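**Q** any chance you can model this:
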Amino acid sequence: MRVRLPGQRWMALVLMWIGVLWLLQSELASIGGEYGVRVFPQRVDWGSIEAGRRYTQAVTILNLSGRSVEVVVEPSCGCTVADLSRARLLPLGWYRFRVEVDTSGMGSGVHGRVVRLRFVAGDRVWHEDVLFRFSVKAKGR
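**A** Residues are numbered from 1 along each chain as shown. Next up is the predicted model:
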């Protein structure tokens, strides 16, 4: 006669789910870019916009890797401001922040602004850029 310990059936189910989650996570990390981190959107095209106004865009960072990742947000100039300067993303975690571009003082024509994201995961350091493109209309048009 075989003796079954209490909780033995549950332990097998827990171990199976851990294995399934581990396989799923490793598969997600393989589609998450070189280091398992995705940035949405990476390119923003606002088209033709008015001078003297502020425009806002939400940016999402998704960490599909199996390790914590630190991100530092570095806008390209004073007219571009992010409501996040630094964050730590846990494995399978995400963070959404807002970027605001102020077109006051910009002349008419085509403009571009960049928000550089610096990622650090252990001994790996890499950069991703979020590009904002737009054309400022001359006042009165």
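
**Q** and the helices in this protein?
**A** Listed in chain order, the helices of the chain (DSSP state H) span residues 8-31.

**Q** and the residue nearest the centre of it?
**A** Closest residue to the average C-alpha location of the chain: residue 61 at 1.5 Å, with Cα atoms, centre = their mean.

**Q** from residue 68, how far out is that residue?
**A** The spacing between residue 61 and residue 68, counted by Cβ to Cβ, to the nearest Å, is 13 Å. Glycine gets a C-beta too; all of them are placed from N, C-alpha and C.

**Q** what do those two both touch?
**A** With contacts taken as Cβ atoms under 8 Å, 6 or more residues apart in numbering, residue 61 and residue 68 have residue 89 as neighbours in common.

**Q** circling back: identify the residues contacting the residue nearest to the centre of the chain.
**A** Taking Cβ under 8 Å, 6+ apart as the criterion, residue 61 is in contact with 37-39, 71, 87, 89, 94-97, 117.

**Q** so which of these are in strands?
**A** The subset of the contacts of residue 61 located in strands under the criterion DSSP state E comprises 37-39, 71, 87, 89, 94-97, 117.

**Q** from those residues, pick the one nearest residue 51.
**A** Of all the ones in strands among the contacts of residue 61, residue 97 has the smallest distance to residue 51: 25.2 Å, by Cβ to Cβ.

**Q** which residues pair with the closest one across the strands?
**A** When assigned by DSSP bridges, residue 97 has beta-bridge partners residue 59.

**Q** I figured it hits residue 58, correct?
**A** Yes. Residue 97 is in contact with residue 58 according to Cβ atoms under 8 Å; the separation is 7.4 Å.

**Q** neighbour count: these two, which is higher?
**A** Using other Cβ atoms under 10 Å as the criterion, residue 97 and residue 58 rank with residue 97 on top: 18 against 11.

**Q** please report the distance of the more buried one from residue 56.
**A** Counting by Cβ to Cβ, the separation of residue 97 from residue 56 is 11 Å.
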